[in-house]
Structure formats: structure tokens, C-alpha cells
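>>> coords below, sequence missing:
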């Protein structure tokens, strides 16, 4: 019996898929370059890495969450709320330290609230974060109204306006460093192992003496924290906080993660895939801007990509399962 | 054996001949034969795993037989699905009711076959539910059962016995002529049982034939006309209830000659290491005492639903105790969760590998090290791959797990090898006490004796083992001592030299 089943582990999402993803990335760059030659200019290419800082950082945490079979729809609005909190606290105190602390605290608290509901109750993450998303959005509207907070000090703006070596945007290095850390914990850490286990079958982990609730609480809180970081980077770049910030970010973050090969069903995922997925989103956004496509077309395209990725993975998963059934006779 | 009481075959309502059904590695039914006369109650009994459920699932179209045929009222019968069975007048009342708790009695009875009428003025294009007709029919059915049930009551608010009546009413709403009752009294009080029997007698008077599955021999004598005993998937005997004694039934159920399949070794048993005193969980466990010695294999026997798994979960800290004490080496311990039990050297291996035991899409080594990730990781929670490989390789070798290496996905292993991975996962926590729940369920004969040898060796190494099993030969072959449970109570304790299938069944039934 066992002999005919000799098969290496996890053939589903290996390097081959990420290779294909890289090829897609290169294809898109070439395509946009041919349509609009200025795209090939190093400054433009590096600008792609500047605009993905915040979604990249959030997508790393989202990869952890989706691996458990969960999702966080509130990320864009946690970012928005903590940006508003930053603006409001800075406006009244003129203390950068206080504003940063308040923004980070607010973002982390939002993530903690998501995590506590999801880990302590049986309410699905989709529904929980759909509710908290509106809670956070409503809160930032109440605090800010139609107000725009600006006039942040030059020193603060530098956190996302400096270019290293004259060309590499500094927020790309934040993303890169965090990416390496997340990839390490994901593929070599006990945390990553637990998250994949939760995604496949949480009961087994409970029956292995593992506190899965603690892991879930941790990653949703971490996700909130990362949204706070995203908010700071975003603010540094825009130098103004409004309630329109972050509105479209949920879609971008989730699309990057799913496109990167993390299964929405949980258990399977790749931080490296998310990294490439985020780059693809960035290239699309930059390319569309250069070609004068509207933001609506961009969102529409992301929706199409997300649907294609979801359906493709679902079909793959289904085929894998039926072939296994056949093997078992 | 042939049926002693021949009835003319054209009299039979249902006739089942030569049914075979096998699952990978198991012959669930071999040449099964049973028949049902008009307006009779035919009891079917046998141990856990004798094949009763498989037989019922074939009659109701959930499984397809590999060979054999069925006849309904003399006509060949081929059932595709439970709905098909219903439409031919065969209905099954399961142990656990299949009602929708939030719907009313009436809605439940007609779920899926609601009575409809055309909406006036729509030229029969649109039909709507005909509540008055459904109410009339439901009332008529309950009248026939001699019961008054509020048709508008929410099912969740009803007692177990009433739910069962609703279930029966639902079956009758299909004009069922054959009713299969699967352990119908399992959750009923004595008074409710009397009511149920009254109903059964009324149904009989209306010409309904029933297959009555039960462990409880006393009931069979009260209510059944004939009884069929099945064992290991085979028909053993069918007899008029008036002509058999309880002892005869038990001997038919046991029957089997014990083969010395299990390499049970005799060795010194040490001092008491684990004690449980007066373990109570409301409605589940009713004051269980047990003690376990070093190097001992303590078997826990009992029928399905006796509370054996519940006891194991309570002892291992998965569930809360309402009262009772757990002592380890004479010192009282409280396990707030399973992790604390594990840290005290107690490990539990679930009966359901796929659901609770192993993350089947993950690799062997990832599964084995799941409970000890904290121990094999360095600072910041990074897993020490070398340590992981070392643990994996040593257990794969020790338990002879047949796979190329630890990176192999558990899903692609045979049942026996999967069970060995479960055992490896438990052993890697370095336990002193192992609680094994059905350790050889769903594994083939070869792997079974291998697992038995592993268990024996563990006991020899001084580990203490609690082994829950529905497999009587396994209990008899492996245990030093056996506790028999029934409906949450400990019915008795038997030492190895006093063990016999008859003694165990007497206590368990």
C-alpha cells in the first residue's frame, strides 16, 4: 500500500509556483515598459517599491492570518484610524513621540480586539472583522469628520522620504527587513508551524497540548501593530491624514497574499510568495498610473486577479483531493 | 446457520440474502441474511462493530452492498439513497435525532416533503405550503401513536423521548411500512421506555414491521418477536424470542474462539502511580474510581456511549471535573488543561486519528514534534531542525514506521502506519502514563499485532497504560486488569485471571 504512494511532501505550492509568479512580475514590468518607456527608468522602478511599503507590511501579517484559515478585513481601517489618531494627537500636543505612541497603541488595540473576539468565540474571522472594520471606520469619521491633519515636522516625513544610496526608498528597506523576519518565523519557527497546523486542523493542535487561542490572539494583535507601522509610513509619504486613507487597502493586501500562494482554506502559504505578490500589485498600480488608468480600473483589475487566484487554487485543491482518494482505492 | 422458523417467503415484507460489504482492510458483512415479517418486531443484536450499523446503512441506501440482494414485498429492491428508502416506505430512526432543533414539530415532520396547494388565481403555476393539510395529517399520525404533541412547539424545547416520537411521526408521514429503530432507548428513562414500547405495540397493530437494534437484552425479551444475533459481520442465529434465554443470546454474541494473537508478556507490576477518586461530570460520569500501577495495562471496556472516552478526556485535563480527585504518586494534582497533564507525564492518544490525532496534510516529523515544539526550539522560537530530525528518526525506527523519511506526508500512509505516528507523537513527550483510546481501530491485522507488541513493550519498560477498547479479544488479550463501564458508571473490575467475554458482557449489557 505505502509503496505506491511514495510522493514528496507538499508538491502543491513549491518553487515552481513562485517561479511562475516571478515570471508574471517580469512580464508586467516589460509590458508596461513597452507601453510607456518611462517605466524602465530606475527612478520609476524604485518608486514602485516606495508605494508598496504599507501594503507590504500589512500583507506579511495577513499571510500569517490567512494561513490559519482566517482573514482580517479591517486592516485598511485600522491604518486609517491610527493615522487619524496620529494627526489628532499631534495637532493638540505637537509632540511627535506622543503622536507615534498613540497611533501605535490604537492600531495594536484594534488588532487585539479582533484577536480577542476571534480567539474567544466561535464567530468567524470574516464576520468579526467585517463588523470591526465598520467600527474602526466609524470611529475615525467621528474623530476627524472632514478634517485633514497636516503640518507634521520635516523630521517625521523622513521616515518615508529618504532614499538610500540616492535611489532605494527607505520604506522598501523596512519591508525587506520585516519580510526576512516574517519569513524566518513562518518557515523555521514554532509560530509558523502552529499557524499551518491551525489552518489544517485546529483540533489536532488542541489535542497536542497547544494553546491555539494564544497564537490566534497574537497574530491578530500583531496584524494591528503592523497596520500602525503602515500608517506611519503612509503618513510620512503623504504628510497628511484624512478619512479617505486606507479605503482600498484591504483588497490590495488580501489580493497580494492570495496571489502569493497562501491558501484561503488555510494550512498552506508562503511569505516569499506574498513578497512577490506585493511587488506585482505595486507594478500594476504604478503602471496604471503612468497609463492614466483610473483607480477604479485598478480596483476592478485587482478584483479580477483575486477571483482568478481563488478559483484556480480551489480547483487545484479539489483535484489534489480527488487524486488522493483514487490513490487510496 | 439456517433460520429455524421458516415463514413462507411470499409473506415476508423484507428479505435480505447473501449481502457482502467490505471496506479497505475490513470485511464488514459476510453473507448477511435477515428477513422481516409483516407486523413483527425483529430485534438485531451483537457487540460493537458486529456489523449492525453497516447492515442498517445498506437497508437505508447509505451504503451499496458489494454482493447480495434485497426484496421488498417479494419484489427486487435496489436502494440508491436514504430518500429513495423513504419513498419506498423504509424509514430509520437514528440514535441521535436528525431533527432541526430550531424548527417546529410540524415543520420537522414535513421537512423535504411538504404538502402544497396551488395559490389561487395563479393557474397552478405557483404553489404554497398547505399548513392546514399538514396539521391534519400530523394530528392523525400522533393520534395513531396515541400521543398528544404540540405541533407548533420548537423541537429544541422538547425532551429526548418526545423528539423520538417526532422522529417516528416523521417516518410515518412517509407512510413507512418498515421502521428501523437504532438503539432507541439509549437516552430514555425507564418511564419513557415504557411509553416507547407502547407506541411500538400500536405501530405493530397497524401493521408496521420493525427492525429493533439494541444492546439491551432485557428489552429484546420485552418487545421483540424474533431476534437475530450477528457477530463479526456474519449472521449467527435467528430465533423466536419465546424460545431463547438470555444466556443463549450472550453465548451467540460472544461465540468466538480466542486466538492467541497478542504477544502479551508477563512481568512485574509495580506500585500505584495514578489514582482517580470519585470522578464526576454531571450527566456523563457518575463517580468513577480507578488506580493504575507501574507497568500495568488497564483495559477499559464497555459499549459505545458508556462514557469511556469522556473518562479519558476528564483524566487528561481536557474537560472539567464536577468533583473528584486525581492523584499522581499519591499527591493530588489538578490539570487545568491537557498541557498540564502532559507536563506531568500523561499523554492521550485519540480514537479518531483524522480528526484529533494527526494533522494529515503535514509531514510525519511535523506531526511527531507538534507537542514538543517548545522543547526543540532555540531562542525566539526557531525550531532546531537537527533536533527535530533526530527525534523523528529515532521514533520512526523504533516503531518501524514504513515511509521513506520524516518529510513524508501522513495522509499518504496506511492506517496502521498513521496509528504508529500517533503513538510516536505521544511517546516523544516522554510520558509515564499513556491513555490509548481504541488503539487499533481501523488498522489491518498485521499492523494490529505490531501495535499490540509496541504497547506490551511500553508496559515492560515501566510505562503505565490505560487502554480503552471496544474490541473484546484485544481487551482480553492485552489487559492486566479490566474496568467495565456502562452509562457513565463503573460496573466492575476484573483481574486478568478472572477475565472472560461473558463476564465483561454481563457487566456491560
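In hand now; what should we look at? Computed from a predicted structure; not experimentally measured.

>>> which residues does the closest residue to chain B within the stretch 51-200 of chain A contact?
Closest to chain B within the stretch 51-200 of chain A is residue A:190: 4.1 Å, counting by Cβ to the nearest Cβ. (Each C-beta comes from the backbone N, C-alpha and C, glycine too.) Residue A:190 makes contacts with B:373-374, B:377, B:381-383, as judged by Cβ atoms under 8 Å, 6 or more residues apart in numbering or on different chains.

>>> then residue A:148?
Residue A:148 touches A:240-242, counting by Cβ under 8 Å, 6+ apart.

>>> from those, list just the buried residues.
Neighbour counting by 16 or more other Cβ atoms under 10 Å in any protein chain shown classes A:241-242 among the contacts of residue A:148 as buried.

>>> from the contacts of residue A:148, which ones fall inside helices?
Among the contacts of residue A:148, no member falls in helices (DSSP state H).

>>> and which of the contacts of residue A:148 is nearest chain B?
residue A:241 (34.3 Å).

>>> shaky segments in the chain?
You didn't say which chain, so I picked chain A. A:1-15, A:320-329 (pLDDT under 70).

>>> look at chain B instead
In chain B (pLDDT under 70), the answer is B:1-10, B:24-26, B:48-49, B:95-97, B:187, B:255-263, B:444-446.

>>> return the residue of it that is most distant from the centre.
residue B:121 (53.5 Å; Cα atoms, centre = their mean).

>>> ramachandran angles for that residue?
Dihedral pair for residue B:121: phi 80, psi 0, per degrees, to the nearest 10.

>>> equivalent analysis for residue A:140, please.
Torsion angles, degrees, to the nearest 10, at residue A:140: phi -70, psi -30.

>>> show me what contacts residue A:248?
Contacts of residue A:248 by Cβ under 8 Å, 6+ apart are A:76, A:295, A:299.

>>> can you give me the strands in the stretch 1-150 of chain B?
B:14-23, B:26-36, B:41-45, B:67-72, B:75-77, B:90-93, B:116-118, B:127-129 (DSSP state E, counting those that start in this stretch).

>>> closest to chain A out of these?
That would be strand B:14-23 among the strands of the stretch 1-150 of chain B, by Cβ to the nearest Cβ, at 10.7 Å.

>>> quick one: the closest one near chain A?
No. Legend: contact between strand B:14-23 and chain A by Cβ under 8 Å from any Cβ of the partner chain is lacking; minimum distance shown is 10.7 Å.

>>> can you mark which positions in that strand are buried?
Within strand B:14-23, the residues that count as buried by 16+ other Cβ under 10 Å are B:14-16, B:19, B:21.

>>> where's the residue nearest the centre of chain A relative to residue A:316, distance?
Centroid-nearest residue in chain A: residue A:59, 1.4 Å away (criterion: Cα atoms, centre = their mean). Remark: distance between residue A:59 and residue A:316 (Cβ to Cβ, to the nearest Å) = 21 Å.

>>> that's a helix at residue B:485, yeah?
No. Residue B:485 is assigned strand when assessed by DSSP: H, G, I helix; E, B strand; the rest coil, not a helix.

>>> mind listing the residues bridging to it?
Beta bridges link residue B:485 to residue B:302, residue B:490, judged by DSSP bridges.
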